[in-house]
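Visitor: no sequence for this one, just the structure:
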């Protein structure tokens, strides 16, 4: 069994437990406010970290390359309220063009 | 009779909401399929993630960390942390999904951002359940089909992926998912803190650890709450 299969199995079980806990166990009881506030903030930290690490990370090295141009262009497109598809296409195109000219 | 017509209108409105959300998922699914291929996964593993785990950003996180040489633990933990919010969604939707345990158990697999968003937007329990199911099933089908398309079209095409700049699609997708949250000050502070913590740790820790450590950004935000409400007003 390779690493991806192991991760797949762990995440399948763990994710399903998280998804079904509300409907199966909690019913209509509500989580404490403090916990809800933390749960509500966690995705912001994780998504920001994923965005930046997948842009400048390469193993244990920080590498600044054409991907960063793509991320900046994505940010500009989002700021101009572009739809998801447009954001992805512009970011990819900007990265591809940067590679072509450098 | 008036009620029946009313119901039909309601159903159409919910289906329209769900359709636009389902369409938005398609490119993301293609990117996931391509990312899985790039990271060296088999097709059945990629589809396994999309059907069994079924949680967009968590799948990206796990595959990204695996492709980067991260450990099983760091990939799985980062993925699961991104799905902790499903717990909150489950609490929100629980009442609308009442019924025999096996029905609740089956419907729970559809507990994702999109289904909760459409479901929770409806006013009464019956329509909440309908919105949740329509959006959830729609996303499930499209997400899995596009995963296959992305994998097949872009597998063994590492050069094509960098030539087309598709390695920037993942980061752009994460930023797009993050974007709506940035309008809220506490979310913005948490995002900045999380990003800084992660970047600083890249050279010093194994791949995957910076992503996990970023959640300490929540602690930073909560330790220094809107301390500067007055400061913010002054500076703006």
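Guide: Received the coordinates, thanks. These numbers come from a predicted model, not from an experiment. Numbers count the residues shown, from 1 in each chain, chains lettered A, B, ... in the order given.
Visitor: ok, the closest residue to chain A within chain B - contacts?
Guide: As assessed by C-beta to the nearest C-beta, chain A sits closest to residue B:90 within chain B, at 2.2 Å. (C-beta placed from N, C-alpha, C; glycine too.) Applying C-beta atoms under 8 Å, 6 or more residues apart in numbering or on different chains to residue B:90 gives the contacts A:18-23, A:26, B:108, B:111.
Visitor: Within the helices and strands, which one has it?
Guide: helix B:84-93 (DSSP states H and E).
Visitor: what's the following helix or strand after that helix?
Guide: Using DSSP H and E, the helix or strand that follows helix B:84-93 towards the C-terminus is helix B:101-108.
Visitor: Give the other helices and strands that the next helix or strand after that next one contacts.
Guide: Downstream of helix B:101-108, the next assigned helix or strand under DSSP H and E is helix B:113-120. Judged by 3 or more C-beta pairs under 8 Å, 6 or more residues apart in numbering or on different chains; DSSP states H and E, helix B:113-120 is in contact with helix B:2-38, helix B:84-93, helix B:125-154.
Visitor: Pull out the buried positions in the longest one.
Guide: What it means is helix B:2-38. Of all the residues in helix B:2-38, those buried under the rule 16 or more other C-beta atoms under 10 Å in any protein chain shown are B:10, B:14-15, B:17-18, B:21-22, B:24-38.
Visitor: do stretch B:98-112 as well
Guide: B:104, B:107-112.
Visitor: do the same with stretch B:65-81
Guide: Neighbour-count burial for stretch B:65-81 [16+ other C-beta under 10 Å]: B:65-68, B:70-81.
Visitor: swap in stretch B:90-97?
Guide: Buried, per 16+ other C-beta under 10 Å, within stretch B:90-97: B:90-94, B:96-97.
Visitor: got the contact list for the residue of chain A found nearest chain B?
Guide: Nearest to chain B, among the residues of chain A, is residue A:22, at 2.2 Å (C-beta to the nearest C-beta). For residue A:22, the contact set (C-beta under 8 Å, 6+ apart) comprises B:87-94, B:108, B:111.
Visitor: and what of residue B:71?
Guide: Counting by C-beta under 8 Å, 6+ apart, residue B:71 has contacts A:3, B:206, B:208.
Visitor: separation between it and residue A:59?
Guide: In this view, residue B:71 and residue A:59 are 13 Å apart by C-beta to C-beta, to the nearest Å.
Visitor: cool, residue A:72 as well?
Guide: According to C-beta to C-beta, residue A:72 and residue A:59 sit 23 Å apart.
Visitor: Please apply the same query to residue B:174.
Guide: Taking C-beta to C-beta, one finds residue B:174 at 19 Å from residue A:59.
Visitor: Please, where are all the strands along chain A?
Guide: Assigned by DSSP state E, chain A shows strands spanning A:57-58, A:61-62.
Visitor: circling back: just the buried residues of stretch B:90-97 now: which is nearest residue B:222?
Guide: residue B:91 (20.6 Å; C-beta to C-beta).
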